[in-house]
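Novice: what would the 3D arrangement of this be:
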Amino acid sequence: MKTALTVLIATLALAALPASAGPGHDHSPKHGGIVRDAGQLTLELVARADALILHVSDHDKPVATAGARGTATLYGGSGKVVAELLPAGDNRMEARGSFKVGVGVRAAVALALPGKTETKAMFNLK
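Specialist: You can find the predicted model right below:
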């Protein structure tokens, strides 16, 4: 079981490596979060102790999240917390609660936009 978990974490970590930016891709954070490419989408995760906010864009254009569903799984120490991300207007998904964030915490995000294949990304929180 430990080996399977190690392989899963390693796979997600590799998937989280930033892809090389092509024309029209600005990878600088716009909201003070961490940016990852996930297929055609760019995801920016802002992780605070009271909220997880995911901003979704495609070539720097906001992507509507109405009808989307998602989760953010936080891994820190020996535990994990799964938070449901809900549409929060425009191109944002949001989870409210009490979260452990900071150095050593990783967030695995899964996002399903209406009519699209699920997108996943891994974020190493600072």
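Novice: CA only for contacts and neighbour counts going forward, please
Specialist: Noted.
Novice: ok, and the closest non-adjacent residue to the most centrally placed residue in the chain?
Specialist: The residue lying closest to the centre of the chain (Cα atoms, centre = their mean) is V109, at 4.0 Å. Counting by Cα to Cα, 6 or more residues apart in numbering, the nearest residue to V109 once its immediate chain neighbours are dropped is A72, at 4.4 Å.
Novice: picking that back up, just confirm the residue nearest to the centre of the chain is within a helix.
Specialist: No: the assignment for V109 by DSSP: H, G, I helix; E, B strand; the rest coil gives strand, which leaves it out of any helix.
Novice: please spell out which residues along stretch 39-58 are buried.
Specialist: Residues of stretch 39-58 classed as buried by neighbour count (16 or more other Cα atoms under 10 Å): 41-48, 51-58.
Novice: who's in contact with that stretch?
Specialist: Surrounding stretch 39-58, the residues in contact under the criterion Cα atoms under 8 Å, 6 or more residues apart in numbering are 29-37, 59-60, 62-65, 85, 91-101, 119, 123, 125.
Novice: the residue nearest to the centre of the chain against K120, yeah?
Specialist: Yes: judged on Cα atoms under 8 Å, V109 makes contact with K120 at a distance of 5.5 Å.
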